[in-house]
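Colleague: Coordinates only, no sequence provided:
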């Protein structure tokens, strides 16, 4: 069975733009994953953290992997990119977050889907809107309806080439 999942990608250490591109390639090279969309790339201020700005994007994929297998793969890729978890919200060479896994609600100690911060982060909501303007977050609401609540967060569009259906308004 194939499930549509959404991942958030971010980085604020090293060559962040290249890390995002290479992470997408790393994901696409795995059996059971087909990348079906990539959002624009955004620069955003760290939230609940210090350090340099982040580059963020999101991808939509079809997968035959379970949510647990997808999380394990993401953690492995992060480690391969030099991700260290020295403290909560530490700067990152790469961050891969499982945002949505079909319409599933998963509540396990180390796996929460939808991602628990999904509704409060502009750097997550704007890329999701790029991928699917009418996307509904199960149990939370439509992405476009959530955007006004994060309008004061600093975020800047960096690319504007991969999403021909993207709306021009940021929020």
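Modeller: That came through fine. All values reported here derive from a predicted model rather than from experimental measurement.
Colleague: Residue 144 should be in a helix, yeah?
Modeller: Yes: counting by DSSP: H, G, I helix; E, B strand; the rest coil, residue 144 is found in a helix.
Colleague: Number of residues surrounding it?
Modeller: 17 (other CB atoms under 10 Å). No exception for glycine: its C-beta is placed from N, CA and C like everyone else's.
Colleague: now the end-to-end length of stretch 45-54.
Modeller: Taking CA to CA, to the nearest Å, the first and last residues of stretch 45-54 lie 6 Å apart.
Colleague: what mean pLDDT would you report for it?
Modeller: Stretch 45-54 shows an average pLDDT of 83 in the prediction.
Colleague: Could I get the full set of strands for the chain?
Modeller: 3-11, 33-38, 42-44, 54-63, 95-101, 106-108, 111-113, 136-137, 141-142, 155-157 (DSSP state E).
Colleague: so which of these comes closest to residue 17?
Modeller: strand 54-63 (5.9 Å; CB to CB).
Colleague: what comes up buried for that closest one?
Modeller: 54, 55, 56, 57, 58, 59, 60, 61, 63 (16 or more other CB atoms under 10 Å).
Colleague: do the same with stretch 130-147
Modeller: Buried, per 16+ other CB under 10 Å, within stretch 130-147: 130, 131, 132, 135, 137, 143, 144, 146, 147.
Colleague: quick one: average confidence on that stretch?
Modeller: For stretch 130-147, the mean per-residue pLDDT is 96.
Colleague: Residues contacting it, please?
Modeller: Stretch 130-147 is touched from outside by 6, 37-40, 58-60, 100, 103-105, 114, 118-119, 122, 125-126, 128-129, 163, 165-167, 171, with contacts defined as CB atoms under 8 Å, 6 or more residues apart in numbering.
Colleague: Buried ones among these?
Modeller: 6, 37-40, 58-60, 100, 114, 118-119, 122, 125-126, 128-129, 163, 166.
Colleague: can you list the buried residues of stretch 130-147 in a markdown table and add distance to residue 49?
Modeller: Converted to a markdown table, these look like this (distance: CB to CB, whole Å):
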| residue | distance to residue 49 |
| --- | --- |
| 130 | 24 |
| 131 | 25 |
| 132 | 28 |
| 135 | 26 |
| 137 | 23 |
| 143 | 23 |
| 144 | 27 |
| 146 | 21 |
| 147 | 22 |
